[in-house]
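Undergrad: Give the three-dimensional model of this entry:
(chains A and B)
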Amino acid sequence: MQTTGNTITALVLALGACLAMPVQAGWFDQAAPLVVTVDRAYIDVYSGPGRGYPIFHALEKGEQITLLKSRTQWIKVQTENGTEGWVKREAMLATLDATGQTPDFSDASRADSVAGSFEVGAGFGDFGGADSTTLTLGYRFTQHLTIEARYAQQAGKFSDSEIIAGGLTHQPFPDWRVSPYIGLGAGRIKIHPSATLVDTVDREDSVLQASLGTYVYLSRRFFMRLDYTNHYLLTTRENNDEVNEWRVGFNVFF
Amino acid sequence: MASWIQRFLLAGCCLAPLAASGQSDDPLEPIVGADIERRAISEDMLDTENFEIGVYGGVLGIEDFGSSAVTGANIAYHITEDFFVEAIYGSSDANKTSYELLSGAVELLSDEERELTYYALSLGYKMFPGQIYLGANTAFNTHFYITAGGGNTEFAGNRYASYTLGAGYKLYLTDWFALDVGMRDHMFSHELFGESRNTNNFEGRLGLSVYF
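TA: Below you'll find the model as predicted:
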C-alpha cells in the first residue's frame, strides 16, 4: 500500500513537472537562454500575442531580456525581474545580442530554410465533378525535390472514391515566392458506387497521376498550393478512364 | 517544430520520477552565465508555438435525426496573429426520426448507418482580442474567432461533401492552454427521404486546446 502511495505521489510529481515545464523556455534548459539587449528608447510589451491585447509594460533602452518562444509574429520575453509578456517580432531589430549584432530575424531564403523538412497539407478540389479532399505528407530532400504521400477522398453524385498514392514533385525555381512545380505519382483508387443504386460492386484500380501546380509562400513556414492533376485510371474494363482534378490547399513545413 | 518533437519524446522520460527530480537544479544558478553569452542569435534558435491541438465534446443536432452527443479532435496551425487553419474530426450517433418513433416498427437506418462522422478543413479568423479579469490580480487573454471551410460527412452509409461554418470564444488559461466554447454548422445535402434536401447540422461544443 505504501508503495502504491509512493508511486502515485511520484507520478503526480512527475506529471506536475510535465505540466509546469512548457511555461519555461525549454524542457531541459541545457540550451543557454537567448538574451538580447534593448537598443531603442523603449519597446512595448503586450499581454498577449496580438496587437489588440493591452500594452502593460515598456522595456527600456539597455535592459536585458530573455526570449522565451514565438507564436506567429510575436515573441514572448522575460525581463530580468521576471515580468513576462509579448513583443512584436519586428522589435527584435531594435535589440542587440551578445556579439553586439542585431539578432538574425530576417527571412532566410525560403529554399534554404525548407530543404530537409517535412510538409503536411490539405486541399479541396473538383475531381471530375466530384468534391475531393486531399491530405499530403511530403519530405523535401533537396531544394528542388519533394517526395510525397497523398490520400484523397472524393464524394460524387453517383460514387465515392478514395485514392492512396505516392509521388515526386520538382520545383525548378525554389527561390521564387510563387514557385511552380511538376509532379508524377502512382497509386490505387477504390471506387464505391452510391449505396442508393442497386447492384453495386466496389472496384479498385491502379491510377497514374501527372500534376502541374505552384506553391505560393504566404509566410515563412506556410504556403498555399494550387494544383492540377491528371488521373489516369488503369481499369480492368476495355477503356481506361481519365479524370482531371483542380485543387487548392494549404501546407505547413515543420 | 523539431524542438516540439524533442519535448514530446522527453515528456515520456520525465514521467519517470528520476527525471522529475533532475529538473530541480540549483535554483540559485545564474540565469545568464558569463561564458555562454557571446554568440549570435537567430530566429531558428527560438522555440515556435504555432500549432494547437485539442479535443472537444458537445451536442450535435442532426437534422431529422434528433440531437446527440458529439466528440471530436482538432488541430490548428496559426499563420499570423489574425488567421489560422483548422482541421476537425468528430463523430456522433443519430437518433430515430419522428416518423420512425411514431410508426413504431419502421427502421430507416441500421445502427451502423446511424453513425455520423465528419471532418473539415477551415480557415479561421481571430477577432476581438481582449482580457477577462478574475479579481484584482488575475487576467486571462481571450478572443473570438470565426471559421469557414469544407470536408466530408459520412452518414447513412454514404459520404457527403459538407461545408462548415463556425464561431467560438477562446479563453487562455495560460499561454499554451486554452478553453474553447464554440459552435459549428455542418451543412450537406442528402437524398435519404427520396428527394435531395439541404441540411444544417448545428453543433455546440466545449473544448480544450494545447499550443506547441
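Undergrad: Would you map the helices across the stretch 1-150 of chain A?
TA: For the stretch 1-150 of chain A, applying DSSP state H, counting those that start in this stretch gives helices covering A:2-20, A:110-114.
Undergrad: wait, I meant chain B
TA: Ranges of helices in chain B, per DSSP state H, are B:2-14, B:17-23, B:98-103.
Undergrad: Report the rounded mean pLDDT for the longest one.
TA: Rounded to a whole number, the mean pLDDT of helix B:2-14 is 53.
Undergrad: got it, and the second one?
TA: For helix B:17-23, mean pLDDT rounds to 44.
Undergrad: returning to that earlier point: by mean pLDDT, show me the worst of the helices of the stretch 1-150 of chain A.
TA: helix A:2-20 (a mean of 49).
Undergrad: where does the chain dip in pLDDT?
TA: Here I'm looking at chain A. Applying pLDDT under 70 to chain A flags residues A:1-31, A:106-116, A:195-200.
Undergrad: my bad, the chain I had in mind was chain B
TA: Checking chain B against pLDDT under 70 turns up B:1-38.
Undergrad: could you pull out the strands for it?
TA: For chain B, the strands defined by DSSP state E occupy B:51-61, B:67-78, B:83-93, B:115-134, B:138-155, B:158-174, B:177-190, B:197-211.
Undergrad: okay, those in a markdown table with mean neighbour count next?
TA: C-beta here means a position set from N, CA and C on the backbone, and glycine is covered the same way. Converted to a markdown table, the strands of chain B look like this (neighbours: other CB atoms under 10 Å in any protein chain shown):
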| stretch | mean neighbour count |
| --- | --- |
| strand B:51-61 | 18 |
| strand B:67-78 | 18 |
| strand B:83-93 | 20 |
| strand B:115-134 | 17 |
| strand B:138-155 | 20 |
| strand B:158-174 | 19 |
| strand B:177-190 | 19 |
| strand B:197-211 | 17 |
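Undergrad: Now render those as TSV, adding distance to chain A.
TA: What follows is the strands of chain B, written out as TSV (distance: least, CB to the nearest CB, whole Å):
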stretch	distance to chain A
strand B:51-61	8
strand B:67-78	5
strand B:83-93	5
strand B:115-134	3
strand B:138-155	4
strand B:158-174	3
strand B:177-190	9
strand B:197-211	7
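Undergrad: May I see the ones you listed organised as CSV, with distance to A:Gly213 added?
TA: What follows is the strands of chain B, written out as CSV (distance: least, CB to CB, whole Å):
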stretch, distance to A:Gly213
strand B:51-61, 25
strand B:67-78, 20
strand B:83-93, 18
strand B:115-134, 18
strand B:138-155, 19
strand B:158-174, 22
strand B:177-190, 28
strand B:197-211, 31
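Undergrad: give the contact list for the nearest residue to A:Thr95 once chain neighbours are set aside.
TA: The shortest distance from A:Thr95 to any non-neighbouring residue, by CB to CB, 6 or more residues apart in numbering or on different chains, is to A:Val36 (4.0 Å). The neighbours of A:Val36, taking CB atoms under 8 Å, 6 or more residues apart in numbering or on different chains as the test, are A:64-65, A:67, A:92, A:95-97, A:103, B:41.
Undergrad: Looking at the residues you listed, which one is closest to A:Val216?
TA: A:Met92 (26.1 Å; CB to CB).
Undergrad: Can you get me a residue count around that closest one?
TA: 23 (other CB atoms under 10 Å in any protein chain shown).
Undergrad: Kindly confirm whether my reading is correct that it touches A:Asp104.
TA: No: A:Met92 is beyond contact range of A:Asp104, at 9.1 Å (criterion: CB atoms under 8 Å).
Undergrad: Common neighbours of those two, please.
TA: Joint contacts of A:Met92 and A:Asp104 (CB under 8 Å, 6+ apart) are B:Glu43.
Undergrad: Who is the residue nearest to A:Thr95 paired with across the strands?
TA: Per DSSP bridges, the residues bridged to A:Val36 are A:Ile65.
Undergrad: One more: B:Lys170?
TA: On the basis of DSSP bridges, B:Lys170 is bridged to B:His143, B:Asp180.
Undergrad: Looks like it contacts B:His143 (just checking).
TA: Yes: counting by CB under 8 Å, B:Lys170 does reach B:His143; the two are 5.6 Å apart.
Undergrad: Which neighbours do those two have in common?
TA: B:Lys126.
Undergrad: can you pull out the strands in the stretch 101-250 of chain A?
TA: Using DSSP state E, counting those that start in this stretch, the strands of the stretch 101-250 of chain A run over A:118-127, A:130-140, A:145-155, A:159-170, A:178-193, A:203-219, A:222-234, A:241-253.
Undergrad: Nearest to A:Lys76 among those strands would be which one?
TA: Counting by CB to CB, and looking across all of the strands of the stretch 101-250 of chain A, nearest comes strand A:203-219 at 18.4 Å.
Undergrad: burial count for the residue of the stretch 151-254 of chain A found nearest chain B?
TA: For the stretch 151-254 of chain A, the residue closest to chain B is A:Phe254, as judged by CB to the nearest CB, at 3.5 Å. Using other CB under 10 Å, A:Phe254 has 15 neighbouring residues.
Undergrad: what's the distance between it and A:Arg140?
TA: Separation of A:Phe254 from A:Arg140 (CB to CB, to the nearest Å): 11 Å.
Undergrad: list the residues that contact both of these two?
TA: A:117-119.
Undergrad: Now for those residues, which sits with the most neighbours around it?
TA: A:Glu119 (21 neighbours).
Undergrad: beta partners for it?
TA: Under the criterion used (DSSP bridges), A:Glu119 bridges to A:Gly138, A:Phe253.
Undergrad: list the contacts for it?
TA: Applying CB under 8 Å, 6+ apart, the residues near A:Glu119 are A:136-140, A:146, A:251-254.
Undergrad: The same query, at a cut-off of 7 Å, please.
TA: Applying CB atoms under 7 Å, 6 or more residues apart in numbering or on different chains, we find A:Glu119 in contact with A:138, A:140, A:251-253.
Undergrad: B:Leu179 now?
TA: B:171, B:173, B:208.
Undergrad: Just give the nearest non-adjacent residue to B:Gly54, would you?
TA: Closest to B:Gly54 by CB to CB, 6+ apart is B:Ser209, at 3.5 Å.
Undergrad: can you tell me which residues contact the one you found?
TA: B:52-54, B:178, B:180.
Undergrad: can you list those residues in TSV and add distance to A:Phe223?
TA: Shown next, in TSV, are those (distance: CB to CB, whole Å):
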residue	distance to A:Phe223
B:Glu52	19
B:Ile53	21
B:Gly54	24
B:Ala178	26
B:Asp180	27
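Undergrad: Nearest to A:Asp205, out of the residues you listed: which one, please.
TA: Distances from A:Asp205 to the contacts of B:Ser209, taken by CB to CB, are shortest for B:Ile53, at 36.0 Å.
Undergrad: beta partners for the closest one?
TA: B:Ile75, B:Val210.
Undergrad: Who does residue 161 form a beta bridge with?
TA: As the question left the chain open, I've gone with chain A. If you apply DSSP bridges, the partners that A:Ser161 bridges to are A:Gln154, A:Ile191.
Undergrad: nope, chain B please
TA: B:Asn152.
Undergrad: Go ahead and confirm it touches A:Thr133.
TA: No: look at B:Ala161 against A:Thr133 with CB atoms under 7 Å: they stay out of range, at 8.1 Å.
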